[in-house]
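In: Sequence first, predicted coordinates after that:
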Amino acid sequence: MSTQSLTVNTITSHTGTVTIEGNINLSPLTTSAFIQKTWNLTHTNLFDKISATWTGADVDICGEQKIIRPECKKQEVFREFMLGKHRFLRIQGRIGFVGEWQGEFVRIKADNKVVWNRRGYANSEFGPCGRLIPFDIVIPHIAEEVSLMFESDLENEDCMTRFSVSEFNLLIKE
């Protein structure tokens, strides 16, 4: 992309790397400290003790990967996290579209605000782990606690079509 001026609220990258050549003018909320400070990993792949942590989730293994997915006939999983002091929150992982998806949505909400959504298109050709889509979200966030919800608008009566979450990480930056 080539432009004289670009204004955005969020920049995301599936690799976690964004390269900008030229001068950068930052808003008052985003100081140059954002560029200089490193991310601190606060939570990762917390799928072992599922009943005590993620509400509405089943734990499963797909290949070598532990995953969570909504309980049968439910379409959301929820968890609250304590984070500590920070100014930015980064949410990473992969969503698996398992079964027959025909354009239904999966959304990620942070504190009840949609921060990511994707239409799912998948079928049994993608295998038992489904079609895997990476997500890497960075948002301004200062509360020391965050509520995360993964949800879909899928109307699932057979329990064969669901989404899954894997390779989950939460990171913070001051």
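Out: Nice, I can see it.
In: shaky segments in this structure?
Out: For the chain, the stretches flagged by pLDDT under 70 are 1-10, 12-36, 46, 48-52, 156.
In: now the helices: where do they sit in this protein?
Out: 33-36, 50-53 (DSSP state H).
In: Going by neighbour count, which residues of stretch 133-153 are buried?
Out: Within stretch 133-153, the residues scored as buried using 16 or more other C-beta atoms under 10 Å are 133, 135, 136, 138, 139, 141, 146, 148, 149, 150, 151, 152. Placement of C-beta: from N, CA and C, glycine included.
In: and the first one, what are its bridge partners?
Out: Going back to what we said before, that points to residue 133. residue 95 (DSSP bridges).
In: mind listing what residue 38 touches?
Out: Residue 38 sits next to residue 173 when contact means C-beta atoms under 8 Å, 6 or more residues apart in numbering.
In: Residue 42: what's its closest spatial neighbour, skipping adjacent residues?
Out: Leaving aside its sequence neighbours, residue 42 sits nearest to residue 170 (C-beta to C-beta, 6 or more residues apart in numbering; 5.1 Å).
In: Count the residues that sit near residue 73.
Out: Other residues lying near residue 73 total 11 when counted by other C-beta atoms under 10 Å.
In: now do residue 53
Out: By the measure other C-beta under 10 Å, the count of residues near residue 53 is 17.
In: In this structure it contacts residue 81, no?
Out: No: taking C-beta atoms under 8 Å as the definition, residue 53 is not a contact partner of residue 81, at 9.5 Å.
In: This completes my enquiry, with thanks.
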